[in-house]
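Peer 1: Got a predicted structure plus its sequence, pasted below:
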Amino acid sequence: MLEVAANVSIPDSEVDLTAIRASGPGGQNVNKVSSAIHLRFDIGASSLPQKIKEKLMLLRDHRLTRDGVIVIKAQRFRDQDKNREDALQRLQALIGNALFKPKKRVPTKPSKAAKRRRLDNKIKRGKLKAMRGKVGGNPD
């Protein structure tokens, strides 16, 4: 059972984990050992609440296919068990991000004192810049 949040969890039967060969350098051993993990999670067939499924389907993520399947390839570690844990954690984080609801912004106005400070600062900077001209001498 993969715990995503306090009230949301995914049964192990809904997550398809397959061992594959990792790409990249690694010498002779890389061609013999299947240490990378290919995780597939079908959003539509899952037991997640409908609201979460809809949020996941709206994600703009390269790991989400058109069919609504999340595909994660984990090959960060040389150990298959570590890659399995990494893939499950990444799935957990992806679904957790879909659960996150940002706080609604409350628009505010600057105070009178803040407006006064801003205008005073503008006047002060303008006077400073005006004094940067040539001092005395011939106007040519």
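Peer 2: Good, I have the coordinates. Residues are numbered from 1 along each chain as shown.

Peer 1: Neighbours of Ser47, how many?
Peer 2: As a burial measure, Ser47 scores 11 neighbours (other C-beta atoms under 10 Å). For the C-beta atoms, the positions are set from N, CA and C on the backbone; glycine is no exception.

Peer 1: Secondary structure class of it, three-state.
Peer 2: State at Ser47, reduced to three classes by DSSP: H, G, I helix; E, B strand; the rest coil: coil.

Peer 1: Which residue lies closest in space to Arg118, excluding its sequence neighbours?
Peer 2: Closest residue to Arg118 apart from its sequence neighbours, by C-beta to C-beta, 6 or more residues apart in numbering: Pro110 at 7.7 Å.

Peer 1: how much space is there between the one you found and Lys124?
Peer 2: Pro110 is 18 Å from Lys124, where distance means C-beta to C-beta, to the nearest Å.

Peer 1: again with Arg40
Peer 2: Counting by C-beta to C-beta, the gap from Arg40 to Lys124 is 63 Å.

Peer 1: Which one of these two is surrounded by more residues?
Peer 2: More neighbours surround Arg40 than the other of Arg40 and Lys124, with 16 against 10 (other C-beta under 10 Å).

Peer 1: got a list of contacts for stretch 54-66?
Peer 2: For stretch 54-66, contacts defined as C-beta atoms under 8 Å, 6 or more residues apart in numbering pick out 43, 48, 68, 70-72, 94-95, 98-99.

Peer 1: just the buried members of those?
Peer 2: 43, 48, 70, 72, 94-95, 98-99 (16 or more other C-beta atoms under 10 Å).

Peer 1: right, and the pair among those with maximum separation?
Peer 2: The distance between the two most remote of these (C-beta to C-beta) is 17.6 Å, for Ile72 and Leu99.
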